[in-house]
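can you look at this prediction? I've put the sequence above it.
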Amino acid sequence: MYKTKVTEIGELVPQFEEQKILVMFGPTAPDELKEICVIHEVEQDDSDAPLHEGGTITFGDQSFKIANVGSMANANLKELGHLSIYFREKPDPEVLPGAICATPLGFPHVSVGDHIVIE
């Protein structure tokens, strides 16, 4: 399980709701990226590859199924806390290397203090 706590939400994060994209970054996020990211700190990490097809990512009480995982997504998450999440109706086989595709189509409403859990 990978469990993290939201510590900051960039002012531009809500503008990505229409495109259904959420960008996460750990506390070392560069200042120029913080305004578009959900900043978080890891509380529990006991998996070498927490992101896997068929797994879940939960934001508070909103859960999504991980449909596709980019080739660099686990490494980026573990090293930087960075992950781009594309929420889609159906799996997207063309997921970017540092991203995942999650279903169903939607957009999580995240607040400071919320937990994000990947299982």
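Ah, there it is. Numbers count the residues shown, from 1 in each chain.

how much space between H82 and P104?
With distances taken as C-beta to C-beta, to the nearest Å, H82 is found 24 Å from P104. C-betas here are computed from N, CA, C, even on glycine.

next SSE after the helix-or-strand element of the chain with minimal mean pLDDT?
When the helices and strands of the chain are scored by mean pLDDT, DSSP states H and E, helix 31-34 comes last with a mean of 94. Per DSSP states H and E, the first helix or strand lying C-terminal to helix 31-34 is strand 38-45.

neighbouring strands - and their directions - for whichever helix or strand comes after that next one?
Proceeding N to C from strand 38-45, the next assigned helix or strand is strand 56-59, under DSSP H and E. In the sheet, strand 56-59 lines up against strand 62-69 (antiparallel), strand 115-118 (antiparallel) (DSSP bridges).

quick one: which of these is nearest R88?
strand 62-69 (7.2 Å; C-beta to C-beta).

buried ones in that closest one, by neighbour count?
If you call a residue buried by 16 or more other C-beta atoms under 10 Å, then strand 62-69 has these buried ones: F64, I66, A67, N68, V69.

so K90 touches T103, yeah?
Yes. With contact defined as C-beta atoms under 8 Å, K90 reaches T103; the gap is 6.7 Å.

neighbour count winner among those two?
For K90 and T103, the more surrounded residue by other C-beta atoms under 10 Å is T103, and the numbers stand at 17 against 10.

S84: what secondary structure?
The local conformation at S84, judged by DSSP: H, G, I helix; E, B strand; the rest coil, is strand.

will you turn the strands paired with strand 56-59 into CSV that also has distance to G54 and mean pLDDT?
Putting these into CSV (distance: least, C-beta to C-beta, whole Å; pLDDT from 0 to 100) gives the following:
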stretch, distance to G54, mean pLDDT
strand 62-69, 7, 96
strand 115-118, 12, 98
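
since that was my last question, I'll sign off now.
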